[in-house]
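Asks: Following is a predicted model, sequence given first.
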Amino acid sequence: MKHNSKLFTLIFLGMLTAFGPFVTDMYLPTLPAMTDYFSTNSSMVQLGLTSSMIGLAVGQLFFGPLSDKYGRRSPLITAMFLFLTSTIGCIYSGSIMQFVAWRFIQGIAGAGGIVISRSVAADKYTGHELLKMLAIIGAINGIAPITAPMLGGMLADNVGWIGIFWVLFGLGTLLVAGSFHFEESLPSENRGETRWKDVFKSFIIVLRNHHYVLYILQFGFADGVLFTNIASSPFIMQEHYHFTPFLFSLCFGINSIALMVSAASAVKFRRPEYALHRGSLGMMIASLCLCIALIADCSFWIYEILLLVNLFMLGLTFTASNTLALDCARENSGTASALLGAIGFAFGGIVSPLVGLGNIMVTTGILFLVCSICSYICTHFAVRKFFAITRRYRIDS
């Protein structure tokens, strides 16, 4: 079997994982203009964002097990062509509901790239090498949520939302070319049954792995912390602290960089279990401090410093939990990757609407604390056997 170079693999997987944020975020600056274009209201236009998020979650559950049965390359090529088709559909939509429908399909297609990229990493690498690859990919992906809306903002005045979708079409074309160059990473002898009715049986097998379930639950609750920040920070910074949209974007970018740096620094730990435990514990302590500070109506700088610490700890857990989850479900890594990604979107979808209930400062603080406590509990039960063995080994030696 031929193999792609490590550099190509890194760049290609990094582009695939960044696909999701570009699909969802790049056209955000043009949402107001789209209301006029489709002669509708803002809530209808925002349905395009919601439908793409649903597609990203559903698509991972579909493409994950499919790639375990038929290999990574063919489903990936299918997903990329589906993305090109749906993007053309978005561009030539005659009504807002047509646009929303095509956005759902576009989200499904984008999910194929996300879930298969993690599966390819699990196919090619193990242990610390897998941790290092996922950390690098995570760092690359951390730039995407910052870059996508900024790039969209620069293009909006010149080419509008249609031009932005043509840019997405160009990105999809590059990924199609990369998909054809990509050499299959899952040999046929390592694949499961190819009968269609057996495709989703792998979900049951994976969910019987208690360690895997604990790792993805930890990831889900950690994603709850992240989406609590994403949903609340625009209102806290702009309405409570009276920041301009530009200053908010600047702070949001700095905070995203903290998350990106910490995701990459997880490789410095000897074992991912150490990074997961310390990150979860640090996130719980930082969230407790944030909760108290927000309820007490703290100054902006206290809020920002505690938030930076919280996001740094969060980044450590993301890389570690992804590594450990995929490592302990290697036989069905596509399915495992699909569930991992889907549960993140699910938890994010649950907490985001809760932020706006009541006093946003109080609600945000409580959500930070509850999600981080649940995250730490999952971590504790997931790694306690590892730490027990480590302590016993130290005593015996």
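Replies: Received the coordinates, thanks.

Asks: What is the neighbour count of residue 37?
Replies: Using other Cβ atoms under 10 Å, residue 37 has 15 other residues around it. C-beta coordinates here come from the backbone N, C-alpha and C atoms, glycine included.

Asks: Apologies, that question was intended for residue 80.
Replies: When neighbours are counted by other Cβ under 10 Å, residue 80 comes out with 25.

Asks: Show me where the stretch 1-150 of the chain has its helices.
Replies: Counting by DSSP state H, counting those that start in this stretch, the stretch 1-150 of the chain has these helices, from start to end: 6-17, 19-25, 31-37, 42-70, 73-91, 96-124, 127-181.

Asks: Rebuild those as CSV, extending it with mean pLDDT and distance to residue 379.
Replies: Converted to CSV, the helices of the stretch 1-150 of the chain look like this (pLDDT from 0 to 100; distance: least, Cβ to Cβ, whole Å):
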stretch, mean pLDDT, distance to residue 379
helix 6-17, 78, 23
helix 19-25, 76, 25
helix 31-37, 78, 38
helix 42-70, 76, 23
helix 73-91, 91, 32
helix 96-124, 84, 20
helix 127-181, 77, 16
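
Asks: Save those helices as TSV, and put in distance to residue 301 too.
Replies: Formatted as TSV, these follow (distance: least, Cβ to Cβ, whole Å):
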stretch	distance to residue 301
helix 6-17	33
helix 19-25	27
helix 31-37	31
helix 42-70	32
helix 73-91	42
helix 96-124	36
helix 127-181	22
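
Asks: between the ones you listed, which gets nearest to residue 371?
Replies: Minimum separation from residue 371 across the helices of the stretch 1-150 of the chain (Cβ to Cβ) falls at helix 42-70, 18.2 Å.

Asks: Next, the angle from that closest one to helix 96-124.
Replies: Here helix 42-70 runs at an angle of 30 degrees relative to helix 96-124 (axes from the mean of the first three to the mean of the last three Cα atoms, to 10 degrees).

Asks: and the nearest residue to residue 292 once chain neighbours are set aside, what pLDDT?
Replies: Sequence neighbours aside, residue 365 is the residue nearest to residue 292 in space, at 7.4 Å (criterion: Cβ to Cβ, 6 or more residues apart in numbering). As predicted, residue 365 sits at a pLDDT of 94.

Asks: Count the residues that sit near residue 365.
Replies: 25.

Asks: Quick one: residues contacting it.
Replies: 290, 291, 292, 293, 294, 295 (Cβ atoms under 8 Å, 6 or more residues apart in numbering).

Asks: If you count neighbours, what's buried in the helix or strand hosting it?
Replies: Under DSSP states H and E, the secondary-structure element containing residue 365 is helix 360-396. By neighbour count with 16 or more other Cβ atoms under 10 Å, helix 360-396 contains the buried residues 360-361, 363-379, 382-383, 386.

Asks: How much space separates the closest residue to residue 332 other than its chain neighbours from residue 325?
Replies: Closest residue in space to residue 332, ignoring its immediate chain neighbours: residue 202 at 4.4 Å, by Cβ to Cβ, 6+ apart. Between residue 202 and residue 325 the computed distance is 15 Å (Cβ to Cβ, to the nearest Å).

Asks: closest to residue 212 out of the helices of the stretch 1-150 of the chain?
Replies: helix 96-124 (12.2 Å).

Asks: my read: residue 19 touches residue 108, true?
Replies: No. Contact between residue 19 and residue 108 fails when scored by Cβ atoms under 8 Å: they sit 11.9 Å apart.

Asks: which SS state does the closest residue to residue 343 other than its chain neighbours fall under?
Replies: Spatial nearest neighbour of residue 343, chain neighbours left out: residue 220 (4.3 Å); criterion: Cβ to Cβ, 6+ apart. Here residue 220 is recorded as helix under DSSP: H, G, I helix; E, B strand; the rest coil.

Asks: State the distance from residue 220 to residue 321.
Replies: For residue 220, the distance to residue 321 - Cβ to Cβ - is 9 Å.

Asks: Report how many residues lie close to residue 262.
Replies: Residue 262 - counted by other Cβ under 10 Å - has 27 other residues nearby.

Asks: What separation do you get for it and residue 218?
Replies: For residue 262, the distance to residue 218 - Cβ to Cβ - is 16 Å.

Asks: so who does residue 337 touch?
Replies: Residue 337 neighbours (Cβ under 8 Å, 6+ apart): 60, 64, 115, 116, 118, 119, 122, 326.

Asks: Taking those together, which two end up most distant?
Replies: Farthest pair in these, by Cβ to Cβ: 60 and 122, 14.3 Å.

Asks: Counting neighbours, go ahead and name the busier of the two.
Replies: residue 60 (31 against 24).

Asks: Verify the stated contact: the more buried one with residue 115.
Replies: Yes. At 4.3 Å, residue 60 counts as touching residue 115 under the criterion of Cβ under 8 Å.
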